[in-house]
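Asker: Structure of the sequence below:
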Amino acid sequence: MQHRYFRPIVQTDPCRPEGALTLAGGWTWFSEVEELHRDGTRGHLPARALPEDARAALTAHRPSVAGLTMDRPRLMGILNVTPDSFSDGGQFATPEAALAHGRALVEGGADILDIGGESTRPGAAEVPVAEETARTAPVIAALRAGGLTAPISIDTRKAAVAQAALGAGANLVNDVAAFTFDPEIAGVAARAHAPVCLMHAQGDPKTMQDAPRYDNVLLDVYDFLAERVAAAEAAGIPRARIVVDPGIGFGKTVGHNLTLLRGLSLFHGLGCAVLLGASRKRFIGTLGDAPDPADRMPGSVAVALAGAAQGVQFLRVHDIRETRQALRLAEALWGMRDA
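Answerer: Next comes the predicted model:
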(Lines give C-alpha, C1' and ligand atoms only; values in the text may rest on other atoms or scores of the structure.)
Protein backbone atom coordinates (compact mmCIF):
# COMPACT_ATOMS: atom_id res chain seq x y z
CA MET A 1 0.00 0.00 0.00
CA GLN A 2 1.29 3.45 -0.89
CA HIS A 3 2.40 5.62 2.02
CA ARG A 4 -0.15 8.20 3.09
CA TYR A 5 0.80 11.67 4.31
CA PHE A 6 -1.55 13.76 6.42
CA ARG A 7 -1.46 17.55 6.48
CA PRO A 8 -3.69 19.10 9.14
CA ILE A 9 -5.72 22.07 7.91
CA VAL A 10 -4.82 24.36 10.78
CA GLN A 11 -7.08 26.92 12.40
CA THR A 12 -6.54 29.65 14.99
CA ASP A 13 -10.12 30.88 15.27
CA PRO A 14 -11.33 31.06 18.92
CA CYS A 15 -14.66 29.54 17.78
CA ARG A 16 -13.51 25.95 17.87
CA PRO A 17 -15.93 23.14 16.99
CA GLU A 18 -16.51 20.21 19.27
CA GLY A 19 -14.23 17.34 18.41
CA ALA A 20 -11.46 19.48 16.93
CA LEU A 21 -7.95 18.28 17.78
CA THR A 22 -5.20 20.43 19.26
CA LEU A 23 -2.11 20.46 17.07
CA ALA A 24 1.07 19.41 18.89
CA GLY A 25 -0.34 20.46 22.24
CA GLY A 26 -0.08 24.08 21.15
CA TRP A 27 -2.24 27.05 20.21
CA THR A 28 -3.80 25.85 16.95
CA TRP A 29 -6.40 23.22 16.14
CA PHE A 30 -7.72 21.20 13.22
CA SER A 31 -10.85 19.25 12.40
CA GLU A 32 -9.86 18.19 8.87
CA VAL A 33 -6.72 16.92 7.20
CA GLU A 34 -5.51 16.74 3.64
CA GLU A 35 -4.35 13.27 2.61
CA LEU A 36 -1.43 13.30 0.15
CA HIS A 37 0.06 10.52 -1.98
CA ARG A 38 3.21 10.17 -4.06
CA ASP A 39 1.17 9.67 -7.22
CA GLY A 40 -0.20 13.19 -6.84
CA THR A 41 -3.67 12.26 -5.65
CA ARG A 42 -5.05 14.05 -2.63
CA GLY A 43 -8.23 14.20 -0.64
CA HIS A 44 -9.79 15.39 2.60
CA LEU A 45 -10.92 13.48 5.63
CA PRO A 46 -12.17 14.43 9.07
CA ALA A 47 -9.55 14.45 11.80
CA ARG A 48 -11.48 11.76 13.66
CA ALA A 49 -10.75 9.38 10.75
CA LEU A 50 -6.96 9.68 11.08
CA PRO A 51 -5.03 6.45 11.69
CA GLU A 52 -4.09 6.24 15.35
CA ASP A 53 -0.34 6.63 14.79
CA ALA A 54 -0.81 9.75 12.64
CA ARG A 55 -3.25 11.23 15.12
CA ALA A 56 -0.83 10.61 18.01
CA ALA A 57 2.09 12.24 16.17
CA LEU A 58 0.06 15.32 15.23
CA THR A 59 -1.54 15.90 18.61
CA ALA A 60 1.08 14.82 21.17
CA HIS A 61 2.26 17.57 23.49
CA ARG A 62 5.74 18.73 22.53
CA PRO A 63 8.15 18.73 25.49
CA SER A 64 10.20 21.81 26.34
CA VAL A 65 13.27 22.41 24.19
CA ALA A 66 16.33 23.99 25.84
CA GLY A 67 14.08 24.99 28.72
CA LEU A 68 11.49 26.67 26.48
CA THR A 69 7.91 25.43 26.61
CA MET A 70 6.23 24.81 23.28
CA ASP A 71 2.88 26.38 24.22
CA ARG A 72 3.53 29.51 22.12
CA PRO A 73 5.75 30.51 19.19
CA ARG A 74 9.36 31.06 20.23
CA LEU A 75 11.66 33.58 18.55
CA MET A 76 15.21 32.53 17.70
CA GLY A 77 17.37 35.61 17.21
CA ILE A 78 20.06 35.33 14.52
CA LEU A 79 23.59 36.33 15.51
CA ASN A 80 26.00 35.74 12.63
CA VAL A 81 29.61 36.29 13.67
CA THR A 82 30.74 36.01 10.06
CA PRO A 83 32.20 38.43 7.50
CA ASP A 84 30.02 37.16 4.65
CA SER A 85 26.49 36.16 5.70
CA PHE A 86 23.95 37.18 3.07
CA SER A 87 22.08 39.75 5.17
CA ASP A 88 24.28 40.96 8.01
CA GLY A 89 27.76 39.72 7.08
CA GLY A 90 30.48 41.68 8.85
CA GLN A 91 28.15 43.67 11.07
CA PHE A 92 28.81 41.54 14.16
CA ALA A 93 32.16 39.97 13.32
CA THR A 94 34.01 41.70 16.17
CA PRO A 95 33.51 40.31 19.69
CA GLU A 96 32.26 43.68 20.98
CA ALA A 97 29.63 44.02 18.24
CA ALA A 98 28.53 40.39 18.65
CA LEU A 99 28.07 40.75 22.40
CA ALA A 100 26.14 43.98 22.07
CA HIS A 101 23.85 42.56 19.40
CA GLY A 102 23.28 39.33 21.32
CA ARG A 103 22.14 41.27 24.37
CA ALA A 104 19.98 43.55 22.21
CA LEU A 105 18.24 40.55 20.62
CA VAL A 106 17.30 39.13 24.02
CA GLU A 107 16.17 42.53 25.29
CA GLY A 108 14.07 42.88 22.13
CA GLY A 109 12.22 39.63 22.76
CA ALA A 110 14.38 36.74 21.54
CA ASP A 111 13.69 33.52 23.45
CA ILE A 112 16.90 31.90 22.20
CA LEU A 113 19.99 33.08 20.31
CA ASP A 114 21.37 31.22 17.29
CA ILE A 115 25.08 31.91 16.86
CA GLY A 116 26.82 30.93 13.62
CA GLY A 117 30.40 31.31 12.44
CA GLU A 118 30.08 29.90 8.91
CA SER A 119 27.91 31.52 6.27
CA THR A 120 25.51 29.13 4.56
CA ARG A 121 24.34 31.66 1.98
CA PRO A 122 24.19 30.40 -1.63
CA GLY A 123 27.72 30.15 -3.01
CA ALA A 124 29.46 30.26 0.38
CA ALA A 125 32.69 28.34 0.86
CA GLU A 126 33.45 26.08 3.80
CA VAL A 127 35.16 27.68 6.83
CA PRO A 128 37.97 25.74 8.57
CA VAL A 129 37.04 24.23 11.95
CA ALA A 130 39.57 26.26 13.92
CA GLU A 131 38.38 29.53 12.41
CA GLU A 132 34.70 28.76 12.94
CA THR A 133 35.39 27.74 16.54
CA ALA A 134 37.38 30.92 17.19
CA ARG A 135 34.47 33.00 15.89
CA THR A 136 31.77 31.35 18.00
CA ALA A 137 32.94 29.78 21.27
CA PRO A 138 34.48 32.97 22.75
CA VAL A 139 31.28 34.94 22.02
CA ILE A 140 29.15 32.31 23.73
CA ALA A 141 31.49 32.22 26.73
CA ALA A 142 31.48 36.02 26.97
CA LEU A 143 27.67 36.18 26.81
CA ARG A 144 27.47 33.67 29.65
CA ALA A 145 30.16 35.49 31.64
CA GLY A 146 28.15 38.68 31.21
CA GLY A 147 25.11 37.11 32.83
CA LEU A 148 23.04 36.11 29.80
CA THR A 149 20.75 33.25 30.84
CA ALA A 150 18.68 32.80 27.66
CA PRO A 151 19.28 29.56 25.75
CA ILE A 152 21.93 29.66 23.03
CA SER A 153 22.03 27.57 19.87
CA ILE A 154 25.20 26.88 17.92
CA ASP A 155 24.60 26.96 14.16
CA THR A 156 27.20 24.56 12.79
CA ARG A 157 27.71 21.46 10.66
CA LYS A 158 30.88 20.38 12.48
CA ALA A 159 31.33 18.23 15.58
CA ALA A 160 34.39 20.04 16.93
CA VAL A 161 32.68 23.44 16.64
CA ALA A 162 29.59 22.11 18.39
CA GLN A 163 31.70 20.54 21.14
CA ALA A 164 33.49 23.83 21.84
CA ALA A 165 30.24 25.80 21.78
CA LEU A 166 28.50 23.43 24.20
CA GLY A 167 31.51 23.68 26.48
CA ALA A 168 31.27 27.47 26.36
CA GLY A 169 27.60 27.46 27.36
CA ALA A 170 25.49 26.69 24.30
CA ASN A 171 22.36 24.58 24.81
CA LEU A 172 21.24 23.40 21.36
CA VAL A 173 22.98 22.20 18.17
CA ASN A 174 21.45 23.58 14.96
CA ASP A 175 22.85 21.63 12.01
CA VAL A 176 21.80 22.78 8.52
CA ALA A 177 23.17 19.48 7.17
CA ALA A 178 21.15 17.31 9.59
CA PHE A 179 24.27 15.30 10.56
CA THR A 180 25.13 14.43 6.93
CA PHE A 181 28.21 16.71 6.69
CA ASP A 182 29.94 15.49 9.86
CA PRO A 183 28.25 12.42 11.35
CA GLU A 184 30.29 12.80 14.55
CA ILE A 185 28.17 15.79 15.53
CA ALA A 186 25.33 13.43 16.49
CA GLY A 187 27.47 11.82 19.17
CA VAL A 188 28.55 15.22 20.50
CA ALA A 189 24.94 16.25 20.98
CA ALA A 190 23.90 12.89 22.41
CA ARG A 191 26.67 12.84 25.01
CA ALA A 192 25.82 16.39 26.06
CA HIS A 193 22.07 15.56 26.25
CA ALA A 194 21.59 18.61 24.05
CA PRO A 195 18.56 19.15 21.83
CA VAL A 196 19.23 19.41 18.10
CA CYS A 197 17.66 21.02 15.06
CA LEU A 198 17.86 19.01 11.84
CA MET A 199 17.40 20.95 8.60
CA HIS A 200 16.83 19.86 5.02
CA ALA A 201 19.16 21.16 2.33
CA GLN A 202 19.68 19.93 -1.22
CA GLY A 203 23.40 20.12 -1.91
CA ASP A 204 25.92 22.20 0.03
CA PRO A 205 25.85 26.01 0.27
CA LYS A 206 28.33 26.42 -2.60
CA THR A 207 26.11 24.62 -5.12
CA MET A 208 22.64 24.32 -3.60
CA GLN A 209 20.97 26.93 -5.82
CA ASP A 210 22.24 25.36 -9.06
CA ALA A 211 18.89 24.27 -10.54
CA PRO A 212 17.41 22.40 -7.55
CA ARG A 213 14.87 19.70 -8.48
CA TYR A 214 12.43 17.47 -6.61
CA ASP A 215 9.86 14.82 -7.48
CA ASN A 216 7.55 16.38 -4.89
CA VAL A 217 9.27 19.00 -2.76
CA LEU A 218 6.87 18.78 0.19
CA LEU A 219 6.99 14.99 0.46
CA ASP A 220 10.68 14.73 -0.46
CA VAL A 221 11.63 17.12 2.35
CA TYR A 222 9.29 15.31 4.78
CA ASP A 223 10.84 11.93 3.96
CA PHE A 224 14.37 13.28 4.29
CA LEU A 225 13.61 14.72 7.72
CA ALA A 226 11.89 11.50 8.81
CA GLU A 227 15.06 9.60 7.88
CA ARG A 228 17.30 12.08 9.70
CA VAL A 229 15.12 11.99 12.82
CA ALA A 230 15.47 8.19 12.81
CA ALA A 231 19.24 8.53 12.43
CA ALA A 232 19.40 10.95 15.36
CA GLU A 233 17.36 8.58 17.50
CA ALA A 234 19.70 5.73 16.57
CA ALA A 235 22.61 7.94 17.72
CA GLY A 236 20.99 8.32 21.15
CA ILE A 237 19.03 11.55 20.75
CA PRO A 238 15.38 11.05 21.75
CA ARG A 239 12.65 12.51 19.54
CA ALA A 240 11.67 14.82 22.42
CA ARG A 241 14.98 16.64 21.90
CA ILE A 242 14.71 16.94 18.11
CA VAL A 243 13.49 19.99 16.18
CA VAL A 244 12.96 19.79 12.39
CA ASP A 245 13.43 22.56 9.81
CA PRO A 246 12.31 22.25 6.15
CA GLY A 247 15.19 24.52 5.10
CA ILE A 248 13.54 27.38 3.25
CA GLY A 249 15.97 28.70 0.63
CA PHE A 250 18.44 25.83 0.92
CA GLY A 251 18.40 24.27 -2.53
CA LYS A 252 14.90 25.54 -3.37
CA THR A 253 13.36 27.75 -6.02
CA VAL A 254 10.75 30.40 -5.20
CA GLY A 255 8.08 27.87 -6.13
CA HIS A 256 9.60 25.21 -3.87
CA ASN A 257 9.68 27.66 -0.96
CA LEU A 258 6.04 28.62 -1.44
CA THR A 259 4.96 24.99 -1.59
CA LEU A 260 6.80 24.24 1.65
CA LEU A 261 5.35 27.30 3.38
CA ARG A 262 1.80 26.40 2.32
CA GLY A 263 2.32 22.85 3.56
CA LEU A 264 4.23 23.55 6.78
CA SER A 265 1.70 21.81 9.01
CA LEU A 266 2.61 18.48 7.38
CA PHE A 267 5.90 18.48 9.31
CA HIS A 268 4.11 18.22 12.66
CA GLY A 269 3.48 14.62 11.62
CA LEU A 270 7.12 13.88 12.46
CA GLY A 271 6.24 14.25 16.14
CA CYS A 272 8.86 16.98 16.69
CA ALA A 273 8.83 20.72 17.23
CA VAL A 274 9.16 22.61 13.93
CA LEU A 275 11.46 25.55 13.11
CA LEU A 276 10.93 28.02 10.28
CA GLY A 277 13.90 30.04 9.07
CA ALA A 278 12.79 32.31 6.24
CA SER A 279 13.96 35.69 7.50
CA ARG A 280 15.19 38.03 4.74
CA LYS A 281 15.61 35.13 2.31
CA ARG A 282 15.94 35.81 -1.41
CA PHE A 283 12.42 34.66 -2.31
CA ILE A 284 11.03 37.42 -0.04
CA GLY A 285 13.05 39.93 -2.01
CA THR A 286 11.86 38.47 -5.31
CA LEU A 287 8.17 38.46 -4.39
CA GLY A 288 8.33 41.64 -2.33
CA ASP A 289 10.43 43.72 -4.74
CA ALA A 290 13.23 44.13 -2.20
CA PRO A 291 16.63 43.35 -3.74
CA ASP A 292 18.47 44.47 -0.59
CA PRO A 293 18.10 41.93 2.28
CA ALA A 294 17.95 44.81 4.77
CA ASP A 295 14.64 45.90 3.17
CA ARG A 296 12.91 42.54 3.65
CA MET A 297 11.69 42.96 7.22
CA PRO A 298 7.97 43.41 6.37
CA GLY A 299 7.93 40.33 4.16
CA SER A 300 9.87 38.35 6.76
CA VAL A 301 7.33 39.24 9.45
CA ALA A 302 4.48 38.21 7.15
CA VAL A 303 6.06 34.80 6.58
CA ALA A 304 6.80 34.36 10.29
CA LEU A 305 3.15 35.03 11.17
CA ALA A 306 2.03 32.56 8.51
CA GLY A 307 4.29 29.97 10.11
CA ALA A 308 2.99 30.68 13.61
CA ALA A 309 -0.57 30.31 12.29
CA GLN A 310 0.41 26.78 11.20
CA GLY A 311 1.64 25.92 14.68
CA VAL A 312 5.38 26.34 14.05
CA GLN A 313 7.11 26.46 17.42
CA PHE A 314 10.37 28.24 16.47
CA LEU A 315 10.72 31.27 14.22
CA ARG A 316 14.34 32.06 13.34
CA VAL A 317 14.47 35.78 12.54
CA HIS A 318 16.75 38.80 12.21
CA ASP A 319 14.16 41.44 13.13
CA ILE A 320 13.27 40.48 16.67
CA ARG A 321 11.45 43.60 17.92
CA GLU A 322 9.24 43.85 14.85
CA THR A 323 8.40 40.14 14.84
CA ARG A 324 7.73 40.14 18.58
CA GLN A 325 5.28 43.02 18.21
CA ALA A 326 3.51 41.31 15.32
CA LEU A 327 3.27 38.06 17.27
CA ARG A 328 1.76 39.82 20.28
CA LEU A 329 -1.00 41.16 18.07
CA ALA A 330 -1.55 37.81 16.38
CA GLU A 331 -1.71 36.00 19.71
CA ALA A 332 -4.29 38.48 20.98
CA LEU A 333 -6.40 37.93 17.87
CA TRP A 334 -6.09 34.16 18.25
CA GLY A 335 -7.24 34.36 21.87
CA MET A 336 -3.87 33.39 23.32
CA ARG A 337 -3.49 36.53 25.44
CA ASP A 338 -5.79 39.01 27.09
CA ALA A 339 -6.29 42.51 25.73
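Asker: Please pull out the lowest mean pLDDT helix or strand from the protein.
Answerer: helix 95-107 (a mean of 88; mean pLDDT, DSSP states H and E).
Asker: Hmm, L264 is touching G307, no?
Answerer: Yes: with contacts defined as C-beta atoms under 8 Å, L264 counts as touching G307 at a distance of 6.0 Å. Every C-beta, even on glycine, is put in place using the N, C-alpha and C of the backbone.
Asker: Mutual contacts of these two, please.
Answerer: Both L264 and G307 are contacted by L276, under the criterion C-beta atoms under 8 Å, 6 or more residues apart in numbering.
Asker: okay, the two: which has more neighbours?
Answerer: Applying other C-beta atoms under 10 Å to L264 and G307 shows that G307 carries more neighbours, namely 24 against 21.
Asker: Tell me which helix or strand that one sits in.
Answerer: Taking DSSP states H and E as the criterion, G307 maps to helix 297-309.
Asker: contacts for that helix?
Answerer: In contact with helix 297-309 (C-beta under 8 Å, 6+ apart) are residues 10, 12, 28, 73, 261, 264, 276, 278-281, 284-285, 287-288, 290, 315, 317-319, 322-323, 326-327, 330, 334.
Asker: Can you select the buried ones among these for me in ChimeraX?
Answerer: Buried residues among the contacts of helix 297-309 (16 or more other C-beta atoms under 10 Å), as a ChimeraX selection:
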select :10,12,28,73,261,264,276,278,279,280,281,284,285,288,290,315,317,318,319,322,323,326,327,330,334
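Asker: At which residues are the helices of the stretch 101-250 of the chain located?
Answerer: Using DSSP state H, counting those that start in this stretch, the helices of the stretch 101-250 of the chain run over 129-145, 159-168, 184-192, 217-234.
Asker: Return the distance of G77 relative to R4.
Answerer: Using C-beta to C-beta, to the nearest Å, G77 is found at 38 Å from R4.
Asker: The two: who's more crowded?
Answerer: Counting neighbours by other C-beta under 10 Å for G77 and for R4 shows that G77 has the greater number, 28 against 14.
Asker: The more buried one pairs with what?
Answerer: When bridges are called by DSSP bridges, G77 pairs up with L113, V317.
Asker: from here on, count from 29
Answerer: Taking 29 as the first residue, the last one we looked at is G105.
Asker: Could you report the neighbour count for the nearest residue to M104 once chain neighbours are set aside?
Answerer: Nearest non-adjacent residue to M104, counting by C-beta to C-beta, 6 or more residues apart in numbering: R344, 4.2 Å away. For R344, the neighbour count with other C-beta under 10 Å is 25.
Asker: Could you list the low-confidence segments of the stretch 29-178 of the chain?
Answerer: Scanning the stretch 29-178 of the chain for pLDDT under 70 picks out the ranges 29-30, 112-121, 149-151.
Asker: P240 reaches G277, doesn't it?
Answerer: No: taking contacts as C-beta under 8 Å, P240 lies outside contact range of G277: 10.3 Å.
Asker: quick one: which of the two has more around it?
Answerer: The residue with more neighbours, out of P240 and G277, is G277; 25 against 16, by other C-beta under 10 Å.
Asker: what sits against the closest residue to that one other than its chain neighbours?
Answerer: The spatially closest residue to G277, leaving aside those adjacent along the chain, is K309, at 4.2 Å (C-beta to C-beta, 6+ apart). K309 sits next to I276, G277, N285, R324, S328 when contact means C-beta under 8 Å, 6+ apart.
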